[in-house]
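A.B. asks: Got a sequence here, can you build the structure:
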Amino acid sequence: MTKTPTNFASLYTEALSDTTWTVPQNYDACFNWVYDTGRAGMMGLYQKGKEFQWDATTRIDWSQELDEENPQQLPEEMLPIAGMDLYKNMPAKEKAQARRHFQAWQLSQFMQGEQGALICAAKIVTQVPDVDSKFYASTQVIDEARHVESYRMLLAKFGVAYQITPPLRELIDQTLRDSRWDMTYLGMQVVIEGLALAAFQTTRDYAQNPLAQQVNAYVMQDESRHVAFGRLALRDYYPQLTQKERDEREEFLIEACYLMRDRFEAREVWETLGLPVQECVDFQYNSPLMKTFRNGLFMRIVPIVKDIGLWGEKVRKGYAEMGVLDYADTDVEALQKNDDTIARELDARRDHIRSTIQAGIAAS
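C.D. replies: Numbers count the residues shown, from 1 in each chain. Take a look at the predicted model:
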């Protein structure tokens, strides 16, 4: 299923009106002349950030192909419209096209979000006052560039890509425009990265295609550190704020969570495929499977929000209304360790296959 486009812009389902997006910034670049490394936890993340750098072109075997009928070989029910009579009555070729486009749309949002994370990490390096945070954020910058690269290469194999959705664009815009350094952490490290981890996990755990598994598992190995970074920085900072300042952040947080929860409509996909857009959106919104999926996206956000101290009445009420309050006691560190374990297991499997092939070549 490998595609070789002359340029990435040709993969988009709609022509780009602009090839760049400029977000005005208004914040101070902060230098720190006291080079004390400070927090042991933060420096531990920095050490891991240095040790765990990897090369997307060599760690991942890009010669692996995607499946023609179901690129990532995901269960049929993970297509949001799979239960619709409209879909059930489609010819096999059209069903395959729907699976390909929806998976490409989802991966495209992963890629667009990773570029947002790249810009935000660079902003954190510039703006955050603590040297140890600057050190770690510098490793995240190269992580995020590698993630954009990885999803770009995977989407090239799909031969189709989608532009950023309006809700994701709006949240990135809000996060970048805010002049307060902690809001960059809150919007990107907690909300966007936390939701992304849950979405990546779904693909990693259910995809049967080895290439799709590898890309998502290796990205998740990095992203777990990024979320831990935001958690450490904000847990130290938020107790210093006034109640009014915490209220402002809680209001932003809940609005951001609602915004991101409702971004999984995939309107662009149904429109591109010539399907009745609102009918598809209504079906997937009310589907028990999609309700479970949307709620599951908050598995990693809710316990972190509680841990960093933004656990006022507004946040608790909002999460209760969303049906995600029970995630508050999730063991995030256990999830992060599991992310690392799965990535290492995939490395071991890859190395075993490579050594077996090399042994066969030598024997012949």
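A.B. asks: What segments of the stretch 201-350 of the chain are helices?
C.D. replies: With DSSP state H, counting those that start in this stretch as the criterion, the stretch 201-350 of the chain has helices at 210-237, 243-261, 267-272, 277-286, 288-296, 301-308, 313-322, 332-363.
A.B. asks: Identify the residues contacting the third one?
C.D. replies: Outside of helix 267-272, the residues within contact range by Cβ atoms under 8 Å, 6 or more residues apart in numbering are 13-14, 81, 98, 101-102, 105, 162-163, 165, 276-277, 280-281. Using the backbone N, CA and C atoms, a C-beta is placed for each residue, glycine as well.
A.B. asks: what about Glu333, how many neighbours?
C.D. replies: For Glu333, the count of nearby residues is 12 (other Cβ atoms under 10 Å).
A.B. asks: And Asp55, by the same measure?
C.D. replies: Asp55, neighbours per other Cβ under 10 Å, totals 9.
A.B. asks: phi, psi of it?
C.D. replies: Main-chain torsions, Asp55, degrees, to the nearest 10: phi -110, psi 120.
A.B. asks: who's in contact with it?
C.D. replies: Arg146.
A.B. asks: Isn't Leu155 up against Leu11?
C.D. replies: Yes. Using Cβ atoms under 8 Å, Leu155 makes contact with Leu11 at a distance of 6.4 Å.
A.B. asks: Of those two, which one has the most company?
C.D. replies: Counting neighbours by other Cβ under 10 Å for Leu155 and for Leu11 shows that Leu155 has the greater number, 22 against 18.
A.B. asks: what's the nearest residue to that one if we skip its chain neighbours?
C.D. replies: Leaving aside its chain neighbours, Leu155 sits nearest to Ala161 (4.8 Å; criterion: Cβ to Cβ, 6 or more residues apart in numbering).
A.B. asks: quick one: that neighbour from Asp55, how far?
C.D. replies: For Ala161, the distance to Asp55 equals 23 Å [Cβ to Cβ, to the nearest Å].
A.B. asks: ditto for Ala362
C.D. replies: For Ala362, the distance to Asp55 - Cβ to Cβ - is 25 Å.
A.B. asks: contacts for the helix or strand of the chain with the lowest mean pLDDT?
C.D. replies: The least trusted helix or strand in the chain, going by mean pLDDT, DSSP states H and E, turns out to be helix 288-296, with a mean of 81. Residues from elsewhere that reach helix 288-296 (Cβ under 8 Å, 6+ apart): 77-78, 80, 83, 198, 202, 261, 264, 284, 322-324.
A.B. asks: That one: how far from the chain's middle?
C.D. replies: Helix 288-296 sits 17 Å away from the centroid of its parent chain (Cα atoms, centre = their mean, to the nearest Å).
A.B. asks: mind listing the helices in the stretch 1-150 of the chain by residue range?
C.D. replies: Going by DSSP H, counting those that start in this stretch, the stretch 1-150 of the chain shows helices at 40-51, 56-59, 85-88, 92-127, 131-158.
A.B. asks: In TSV, list those helices along with distance to Cys30 and mean pLDDT.
C.D. replies: Output for these, formatted as TSV (distance: least, Cβ to Cβ, whole Å; pLDDT from 0 to 100):
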stretch	distance to Cys30	mean pLDDT
helix 40-51	16	92
helix 56-59	31	96
helix 85-88	52	96
helix 92-127	6	96
helix 131-158	9	96
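A.B. asks: and Gly194, which of those is closest to it?
C.D. replies: helix 92-127 (11.4 Å; Cβ to Cβ).
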